[in-house]
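*Asks:* curious how this folds, go ahead:
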Amino acid sequence: MLARLFTDHPRSVGESYGQHAAMALSFSGRMLLASLACLVHAAIPGLFTRTGSTIISRLHDDMVLHRQAQSGPSKRPLAEPAE
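*Replies:* The predicted model follows:
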């Protein structure tokens, strides 16, 4: 049970528990910044016009594309192919 909670997922993406925790905290911090930028943008549309989308695009690159490059071809597709 504990292995499933703490080590199975990090191992499945090629990381140790510590590496995975550091990466997840990094993503969390950047998502918090994006969220705050969007909150300010909602009140004052002239501010932070691209900050949230830029952070999200970079997160996607770090989370998905970088991980795929490190591990080689994915064992399963990230999205089902369109028909």
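
*Asks:* mind listing what's buried in the longest helix along the chain?
*Replies:* When the chain is parsed with DSSP state H, its longest helix is helix 17-43. Across helix 17-43, burial judged by 16 or more other Cβ atoms under 10 Å covers 20, 23, 34, 37, 41. C-beta coordinates here come from the backbone N, C-alpha and C atoms, glycine included.

*Asks:* following it in sequence, what is the next regular element?
*Replies:* helix 51-60 (DSSP states H and E).

*Asks:* please compute how far that following helix lies from its chain's middle.
*Replies:* 10 Å (Cα atoms, centre = their mean, to the nearest Å).

*Asks:* I'd like the average pLDDT over stretch 51-63.
*Replies:* Taken as a whole, stretch 51-63 has an average pLDDT of 93.

*Asks:* mind listing what's buried along it?
*Replies:* Neighbour-count burial for stretch 51-63 flags 51, 52, 55 (criterion: 16+ other Cβ under 10 Å).
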